[in-house]
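Student: Fold the following and give me the result.
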Amino acid sequence: MGPHTFVARVTATAEGSGLRRVLRGGALGAAGAGIGTVLNLALIVTVTRAFSQEEAGLLFSATSVFLITAAVANAGAPDGLVYFTARLRVLGRREGVRELLRTAVGPAVLGACAASAVLVVCAEPVAGAMGTGEAASYLRLLAAFLPAAVLAETALAAGRAHHDMAGTVAVERVGRPLAQLALVGAVAATGSAGLLAVAWAGPYLPAAAVAWFWLGRILRRTAPADEAPRAGAAVSRAEFWSFALPRAAAGCAQLGVQRGGVVLTALLGGLAGAALFTAATRITVAGQTAAQAVLHAAQPRFAEQVAAGDHAGARNLYRAVAAWLVCLNWPLYLTVLVFSGEVMGLFGPAYASGAAALAVVCAGQMAATALGPGDLVLSMTGRTGMNLLNNVLALAANVLLCVLFVPPLGAVGAAAALAGAVLVRKLLPLWQLRSTSAPHPLCPSVLAAAGSALLWCGALPLLTRALSGGGVLLPVAAVAAGAAGHLATVWAMRGLLRLRR
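Tutor: Predicted coordinates:
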């Protein structure tokens, strides 16, 4: 069977069902992301209200180091599993999936154990740079949970490669955040900040166990009748890691942009500034988490289309995903932007000064959302080296802008650095993919979604806030009316937005 047969099959019969599958998975993931966002926000509010800014900043900085280290430790195995599992499935080589899993997991676990040891050894120097000896004990405690975090993410990624979003929602979006909130809440009730690190990281252990149990069910359900490996069915270790390792480095750089700002703010502006910046960025994590849920659902589909040479299908999916992300995230960012002072007040009176930082972060995220998932498509075409370069450049931009802006501007400077770095990471893939898989992001569906959000969730709340004279009832009613109006407009445009396929 030649490559043209595969293209015909994907474009003629599978494009509609593939888009529906992405939409269903994205909707499930977005629902889970919404729950997870509420839980994570409740966790942040619990910490900021129960402990001082310095104690909160210490926890946020230490957990940021943990997440960056975990991204290094997984060695790109999750992305490699999604990419190659999708290729094996679309090319009729399902019997190679189990061998692929063995190729990925062993080195990832060894990397996690090595990273855990390095984090223990480097705890004192990192704590010294943060200006507080307490950080060393936080980092040593967190290091013990690194292997569990890597195992959980690897298993969940393998499940997503089979278009199963339920495991990620149940474990990563709901289960673990709920357990973290319960444990941190119990610690907050005792007032003992020394137990915060264990309360935050402890849920990774049951999360890893449940994730692997879930993956086992998926593998048994999708196993081919004849599991005997055929010649050429397996992916070689060299092929797998030549894709995964550059993606791992790119993921580390990307997480460095997202979380590194907290650490840099702690180093350049103090722990109180780090707590302020964390609070400002945690609000927008709601949008990022929802976007990640949609992208997790779309990722294997992009890989299948690229494997089949279906660039037209990939461009259509790109347009649809970009429009869905704008429909989903712009209402949140616009509402938070209009009411930034009130939103930051949720964390306590000391955090109200972070309204400007929150506004800058929201504006940057809106621009990044409208540019679409070009970085994901670039990875799914196999150009992980180019994706790595983009993320390294974005990280360099973030560090440079933090050094320039954080000392004089504090959290606002860190927010500006984050916005600049994210735009670098989003713009470069559009230029690199200009002749293949990604269209111009300003297509009619994206513009229509943006117009609806600006009208209902930007202009209407802004106008009512100006007319309310400081009242609460009218702005709240405007937000509710804006949400309803946006949903009605999206429904009316569902054909253009490809929501009824």
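Student: use CA for all of it now, contacts and neighbours both
Tutor: OK.
Student: what kind of secondary structure is G471 in?
Tutor: coil (DSSP: H, G, I helix; E, B strand; the rest coil).
Student: That one: how many residues sit nearby?
Tutor: Neighbour count for G471, taken as other Cα atoms under 10 Å: 12.
Student: gap between it and R102?
Tutor: The spacing between G471 and R102, counted by Cα to Cα, to the nearest Å, is 60 Å.
Student: pLDDT score assigned to P475?
Tutor: With respect to pLDDT, P475 has a value of 83.
Student: Near E342, how many other residues are there?
Tutor: Neighbours around E342, by other Cα under 10 Å: 12.
Student: where are the low-confidence patches of this protein?
Tutor: Filtered on pLDDT under 70, the chain yields the residue ranges 1-30, 224-234, 435-440, 470, 500-501.
Student: tell me the contacts of G413?
Tutor: 357, 401-402, 404-407 (Cα atoms under 8 Å, 6 or more residues apart in numbering).
Student: farthest-separated two in those residues?
Tutor: A357 and L404 (15.7 Å; Cα to Cα).
Student: what about those two, which has more around it?
Tutor: A357 (24 against 14).
Student: tell me what whichever strand or helix holds that one is packed against?
Tutor: According to DSSP states H and E, A357 maps onto helix 355-370. Other helices and strands packing on helix 355-370, by 3 or more Cα pairs under 8 Å, 6 or more residues apart in numbering; DSSP states H and E, are helix 271-307, helix 311-338, helix 340-344, helix 411-432.
Student: ok so, going back, for the contacts of G413, give me CSV that also has secondary structure and distance to N387.
Tutor: Listed next are those as CSV, based on DSSP: H, G, I helix; E, B strand; the rest coil; distance: Cα to Cα, whole Å:
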residue, secondary structure, distance to N387
A357, helix, 28
L401, helix, 21
C402, helix, 22
L404, helix, 26
F405, helix, 27
V406, helix, 27
P407, helix, 31
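Student: Where neighbours are concerned, which of these has the most?
Tutor: C402 (26 neighbours).
Student: thought it was touching A411?
Tutor: No. Contact criterion Cα atoms under 8 Å: C402 and A411 do not qualify, at 9.6 Å.
Student: Give the intersection of the neighbour lists for the two.
Tutor: Here C402 and A411 have T265 as joint contacts, going by Cα under 8 Å, 6+ apart.
Student: any idea how far the residue most central in space within the chain lies from A201?
Tutor: For the chain, Q292 is the residue whose C-alpha lies nearest the centre (Cα atoms, centre = their mean; 4.5 Å). Separation of Q292 from A201 (Cα to Cα): 22 Å.
Student: what's the answer for L276, then?
Tutor: 22 Å.
Student: got it, and L378?
Tutor: 32 Å.
Student: Could you do T281 as well?
Tutor: T281 is 20 Å from A201, where distance means Cα to Cα.
Student: Ok, M386 next?
Tutor: 33 Å.
Student: swap in A244?
Tutor: Distance from A244 to A201, by Cα to Cα: 26 Å.
Student: what's the answer for G348, then?
Tutor: Applying Cα to Cα, the value for G348 to A201 is 25 Å.
Student: Of the two, which one has the most company?
Tutor: Remark: of G348 and A201, A201 carries more neighbours, 24 against 13, as counted by other Cα under 10 Å.
Student: Tell me if I'm right that the more buried one and F145 touch.
Tutor: Yes. Using Cα under 8 Å, A201 is in contact with F145, at 6.4 Å.
Student: residues contacting N390?
Tutor: 250, 424-425, 428-429.
Student: Show the contacting residues for G133.
Tutor: 124, 127.
Student: And it, how far from T48?
Tutor: 21 Å.
Student: Export the contacts of N390 as CSV, with columns for distance to V174 and neighbour count.
Tutor: Shown next, in CSV, are the contacts of N390 (distance: Cα to Cα, whole Å; neighbours: other Cα atoms under 10 Å):
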residue, distance to V174, neighbour count
A250, 27, 27
V424, 32, 18
R425, 29, 24
L428, 34, 19
P429, 32, 23
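Student: Mind putting those into a markdown table with distance to T489?
Tutor: A markdown table is the format used below for the contacts of N390 (distance: Cα to Cα, whole Å):
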| residue | distance to T489 |
| --- | --- |
| A250 | 37 |
| V424 | 32 |
| R425 | 31 |
| L428 | 32 |
| P429 | 31 |
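Student: just those residues now: which is nearest T37?
Tutor: Nearest to T37 among the contacts of N390, with distances taken as Cα to Cα, is R425, at 23.8 Å.
Student: Hmm, L389 and the closest one touching each other?
Tutor: No. Applying Cα under 8 Å as the test, R425 and L389 come out as separate, 9.5 Å apart.
Student: ok now do A158, which residues does it touch?
Tutor: Residues in contact with A158 (Cα under 8 Å, 6+ apart) are 78, 81-82, 85, 101, 215.
Student: For it, what is the enclosing helix or strand?
Tutor: helix 146-161.
Student: Same question for L181.
Tutor: Per DSSP H and E, L181 falls inside helix 176-190.
Student: following that helix, which helix or strand shows up next?
Tutor: Next helix or strand after helix 176-190 toward the C-terminus (DSSP H and E): helix 196-201.
Student: So which elements touch that next one?
Tutor: So helix 196-201, by 3+ Cα pairs under 8 Å, 6+ apart, packs with helix 53-73, helix 134-143, helix 176-190.
Student: Can you point out the buried residues in the next helix or strand after that helix?
Tutor: Counting by DSSP H and E, the next helix or strand C-terminal to helix 196-201 is helix 204-222. By 16 or more other Cα atoms under 10 Å, the buried positions in helix 204-222 come out as 204-205, 207-208, 210-212, 214-215, 218.
Student: And the helix or strand following helix 204-222, what does it pack against?
Tutor: Following helix 204-222 in sequence order, the next helix or strand is helix 237-269 (DSSP H and E). Here helix 237-269 touches helix 53-73, helix 77-90, helix 97-121, helix 123-130, helix 271-307, helix 384-409, helix 411-432, going by 3+ Cα pairs under 8 Å, 6+ apart.
Student: In JSON lines: these, plus distance to P444.
Tutor: Converted to JSON lines, the helices and strands packed on helix 237-269 look like this (distance: least, Cα to Cα, whole Å):
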{"stretch": "helix 53-73", "distance to P444": "36"}
{"stretch": "helix 77-90", "distance to P444": "30"}
{"stretch": "helix 97-121", "distance to P444": "39"}
{"stretch": "helix 123-130", "distance to P444": "48"}
{"stretch": "helix 271-307", "distance to P444": "20"}
{"stretch": "helix 384-409", "distance to P444": "27"}
{"stretch": "helix 411-432", "distance to P444": "17"}
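Student: With respect to Q365, which of those lies nearest?
Tutor: When these are compared by Cα to Cα, helix 411-432 sits nearest Q365, at 6.9 Å.
Student: Who are the packing partners of whichever helix or strand comes after that closest one?
Tutor: Sequence order places helix 444-453 as the next helix or strand after helix 411-432, per DSSP H and E. Secondary-structure packing of helix 444-453 (3+ Cα pairs under 8 Å, 6+ apart): helix 311-338, helix 473-492.
Student: Pull out the buried positions in helix 444-453.
Tutor: Neighbour count says helix 444-453 has 445-446, 448-453 buried, by 16+ other Cα under 10 Å.
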